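Peer 1: 3D, please:
(2 chains)
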Amino acid sequence: MRSTEAKQMELVCPAGTPAALRAAAEAGADAIYCGLANETNARNFPGLNFSPEELADGVAFAHRKGSKVLVAINTFARAGDVDLWREAVDTAAQSGADAVIAADLAVLDHAASNHPDLRLHLSVQAAANTPEAIRFYADTFGVKRVVLPRVLSVPEIAALNKEINVETEVFVFGGLCVMTEGRCSLSSYATGKSPNLTGVCSPPEHVDYTEDADGRLLARLGGFTIDSFEAGQAAGYPTLCKGQFTAEGKTGYLFEDPVSLNAFELLGELSKAGVTALKIEGRQRGKAYIAGVVGAFRKAVDSLSDGGDPGPAIGALKAFSEGGRQTAGSYKKTWR
Amino acid sequence: MPDHSNIEIALGPCFFNWPADRLLDFYRGIAEEADIDRVYLGEVVCGKRMPFTDAIWPDVIEMLTKAGKQVVLSGLAQPVNKREREILRQQAGYDMPIEINDLSMVPGRAGLEFTAGPFLNVYNEASLRLLADRGATAWCPPVELPLVSIQKIAALVPEVDIELFAFGRLPLALSSRCYHARAHGLRKDACQFVCDRDPDGMNIATLDDRRFLATNGIQTLSDAVHVAGVTSGQLQATGIRRLRLSPHSVDMAKVAGSFRRFLDGDLTCDELNADLASQGLPGPVCNAYLAGDAGWKKATLPA
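Peer 2: The predicted model follows:
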């Protein structure tokens, strides 16, 4: 049974497909976020995301299961084509979704002006991390919740929550942006594809693998060699900020090791810090992953409020991380 | 006299950790440079550096103003702690031109004029209009925005002066982590200010020794040096009124002079690129963001 205690943190789970949405709802997601199948959302990958009809069906299904649906329209609208983003907001409102997650001033303005009853969440892509910036969005557009960029430690999140009147949502599991979200053009510099504009980072069509003379597999992005793997070693995807580079005569993971985020052990502290919602990254993931991770987090969050043992849930989560290595990222100050 | 173009030249804020005396010398040279119309100054990358240069800015502002430059104070791009927020709050109230690089500063400006800096995510006409309604009178677009988009926005929001990032390593990313500290085995909280060792950023190469990026504390820049060799006529047709040159350790007065000759039609784009390359740039010339392509590439720009 899901606890209805007021202070229990909300579990916000990803869905890249209708199947993943159903899996997340059945695994106990309090809310599910998804996007439309175009460049209006920050996970614009082939074969992912929802048509307007799928979205409406998904919302109906989720509501029957007691889950909310949040629609991410969180890229920045292209000059001269802002209507595509405005129409996405209209589609989300018509679908009966519970909120829109947006970053662009133009998109927020359209939602606030034309859909005053539609709840607005500020996307992590807006990178609002000060009380002043958050109040700007709250006062200007009526934003009710902000998804925090991964620049703050847990004590800083606690201090922030004391200064603002909007809810905060934090990422706790999955892929980890090393750069401040929404303030990174590394992918467009190497490939021409901008995450902010097209919702794609380190796009697969710009990735290739070649073997060098020693049998090592070289992973390249936009023609730049981002990583290298010994023969027989599992080759990771060359995400730009998690590659190996050389600086000052030393070669290594200059920006970040190939780790994924797992802030599970900080859940208690995040709750005390006044965080409203916990977000799981992974709209590109399949339904088995979604069911497993959401189910584990559901148990973990419930045991946190029921005083149960979260140990088995933590163990289950470790199996879902890339390469098994995990970090609490910026939530611990020493990460910086 | 050649036909004098009315495209202005601005000097952007210095991204790097240059010591106070070097900055003083630098701006003394700029004050004497006739080709630069406007100067942005102040620390925009790392609030930890601010105490080292705080004291020089009043003198620098006075010196540049006396020399007839329009002086604009640039705000920190990623304020995090209370001290940095308080600095931005105070700066927002200053009775002088300011550039805003984080939306934190907009409410404090309370409708007074400001420049919307390249660190703000303004990618379309509607978001620029929203900032114009709150005081933005000038805008330097994010570096990845192509000319075709800038042209559309300029046509729809003509009341805002548009300034194109035209010279320098491209500011690509910000982080809460300091890569200078990490590369030196340190943490940000005890960084020893090692970023001061690299006046143009720390070079980053790929595994096959190809130069790629540069770090500057919490900032990541391109290795290549972006040069917007867009003719005066094309800039005017696009709606761009000013070029921004980002400070590097090369002779910036000479760089400004090269751009002025280019704008006046005395140099072709190729000649501008060659002229700048001969001045000892930290990386090769690039420009393809302007054409909507990968930023590191070199594209043929509309003449």
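Peer 1: contacts only, for the spatially closest residue to A:Ala112 that is not a sequence neighbour.
Peer 2: Nearest residue to A:Ala112, sequence neighbours excluded (Cβ to Cβ, 6 or more residues apart in numbering or on different chains): A:Phe141, at 4.2 Å. Where C-beta positions appear, they are placed from N, C-alpha and C, glycine not excepted. For A:Phe141, the contacting residues are A:108-109, A:111-112, A:120, by Cβ atoms under 8 Å, 6 or more residues apart in numbering or on different chains.
Peer 1: any chance of those in a markdown table, with secondary structure, neighbour count and pLDDT too?
Peer 2: What follows is the contacts of A:Phe141, written out as a markdown table (DSSP: H, G, I helix; E, B strand; the rest coil; neighbours: other Cβ atoms under 10 Å in any protein chain shown; pLDDT from 0 to 100):
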| residue | secondary structure | neighbour count | pLDDT |
| --- | --- | --- | --- |
| A:Leu108 | helix | 25 | 98 |
| A:Asp109 | helix | 19 | 98 |
| A:Ala111 | helix | 27 | 98 |
| A:Ala112 | helix | 18 | 98 |
| A:Leu120 | strand | 24 | 98 |
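Peer 1: which helix or strand contains residue 62?
Peer 2: Reading this off chain A. Secondary structure from DSSP states H and E places A:Ala62 in helix A:52-64.
Peer 1: not what I meant, chain B
Peer 2: Under the assignment here (DSSP H and E), B:Glu62 is part of helix B:57-66.
Peer 1: cool, B:Leu243 as well?
Peer 2: Assignment of secondary structure by DSSP H and E places B:Leu243 within strand B:242-245.
Peer 1: what's the first helix or strand after the helix holding B:Glu62?
Peer 2: Downstream of helix B:57-66, the first helix or strand assigned by DSSP H and E is strand B:70-74.
Peer 1: that next one - what's its average pLDDT?
Peer 2: In this model, strand B:70-74 has an average pLDDT of 98.
Peer 1: on that earlier part again, residues in contact with the strand holding B:Leu243?
Peer 2: B:7-12, B:36-38, B:40, B:118, B:138, B:140, B:161-168, B:228, B:235, B:252, B:255-256, B:259, B:263.
Peer 1: again, only this time at 10 Å
Peer 2: Contact with strand B:242-245 is made by B:6-13, B:35-38, B:40, B:117-118, B:138, B:140, B:143, B:161-168, B:227-228, B:230, B:232, B:235, B:252, B:255-256, B:258-260, B:262-263, as judged by Cβ atoms under 10 Å, 6 or more residues apart in numbering or on different chains.
Peer 1: just the mean pLDDT for stretch B:38-47, thanks.
Peer 2: The model assigns stretch B:38-47 a mean pLDDT of 97.
Peer 1: how about the residues of the stretch 1-150 of chain A by chain B?
Peer 2: When proximity is defined as Cβ under 10 Å from any Cβ of the partner chain, the stretch 1-150 of chain A approaches chain B at A:75-83, A:85-86, A:103-110, A:125-137, A:139-141, A:149-150.
Peer 1: on that earlier part again, which of the contacts of strand B:242-245 are buried?
Peer 2: Neighbour counting over these (16 or more other Cβ atoms under 10 Å in any protein chain shown) leaves B:7-13, B:35-38, B:40, B:117-118, B:138, B:140, B:143, B:161-168, B:227-228, B:230, B:232, B:235, B:252, B:255-256, B:258-260, B:262-263 as the buried ones.
Peer 1: looking at those residues, which are in strands?
Peer 2: B:8-11, B:38, B:40, B:138, B:161-168, B:227 (DSSP state E).
Peer 1: which of the residues you listed sits closest to A:Lys193?
Peer 2: Nearest to A:Lys193 among these: B:Phe165, at 19.8 Å, using Cβ to Cβ.
Peer 1: OK, contacts around the closest one?
Peer 2: B:Phe165 sits next to B:10, B:12, B:118, B:140-145, B:171, B:226, B:228, B:243-246, B:289-290 when contact means Cβ under 10 Å, 6+ apart.
Peer 1: quick one on the thing from earlier: pick out the most distant pair among the contacts of A:Phe141.
Peer 2: Longest span within these, Cβ to Cβ: A:Asp109 and A:Leu120, 10.4 Å.
Peer 1: quick check, pLDDT for the closest residue to A:Val151 other than its chain neighbours.
Peer 2: In this structure, A:Val151 finds its nearest non-sequential neighbour in B:Ser176, 3.6 Å apart by Cβ to Cβ, 6+ apart. As predicted, B:Ser176 sits at a pLDDT of 92.
Peer 1: ok, now the one 10 residues further on?
Peer 2: Reading off the confidence values, B:Leu186 has pLDDT 92.
Peer 1: look at it and tell me its secondary structure.
Peer 2: Here B:Leu186 takes the coil state, with states given by DSSP: H, G, I helix; E, B strand; the rest coil.
Peer 1: from memory it sits against B:Arg177, does it?
Peer 2: No. Because the distance of 11.4 Å does not satisfy Cβ atoms under 10 Å, B:Leu186 is recorded as not touching B:Arg177.
Peer 1: ok, these two, which is more surrounded?
Peer 2: It is B:Arg177, of B:Leu186 and B:Arg177, that has more neighbours when counted by other Cβ atoms under 10 Å in any protein chain shown, with 22 against 15.
Peer 1: may I have the residues that are in contact with that one?
Peer 2: A:150-151, A:178-180, A:255-256, A:329-330, A:335-336, B:187-188, B:217-218.
Peer 1: distance of it from A:Ala25?
Peer 2: 36 Å (Cβ to Cβ, to the nearest Å).
Peer 1: now do B:Thr300
Peer 2: B:Thr300 is 52 Å from A:Ala25, where distance means Cβ to Cβ.
Peer 1: and these two? Which one has more around it.
Peer 2: Neighbours per residue (other Cβ under 10 Å) separate B:Thr300 from A:Ala25, with A:Ala25 holding more: 26 against 11.
Peer 1: how about the nearest residue to the more buried one, chain neighbours excluded?
Peer 2: Ranked by Cβ to Cβ, 6+ apart and with sequence neighbours excluded, the top spatial neighbour of A:Ala25 is A:Lys65, at 3.9 Å.
Peer 1: for B:Pro247, see how far away the one you found is.
Peer 2: Counting by Cβ to Cβ, the gap from A:Lys65 to B:Pro247 is 57 Å.
Peer 1: and if you look at B:Val44?
Peer 2: According to Cβ to Cβ, B:Val44 stands 11 Å off from B:Pro247.
Peer 1: which neighbours do the two have in common?
Peer 2: Counting by Cβ under 10 Å, 6+ apart, the residues touching both B:Val44 and B:Pro247 are B:12-15.
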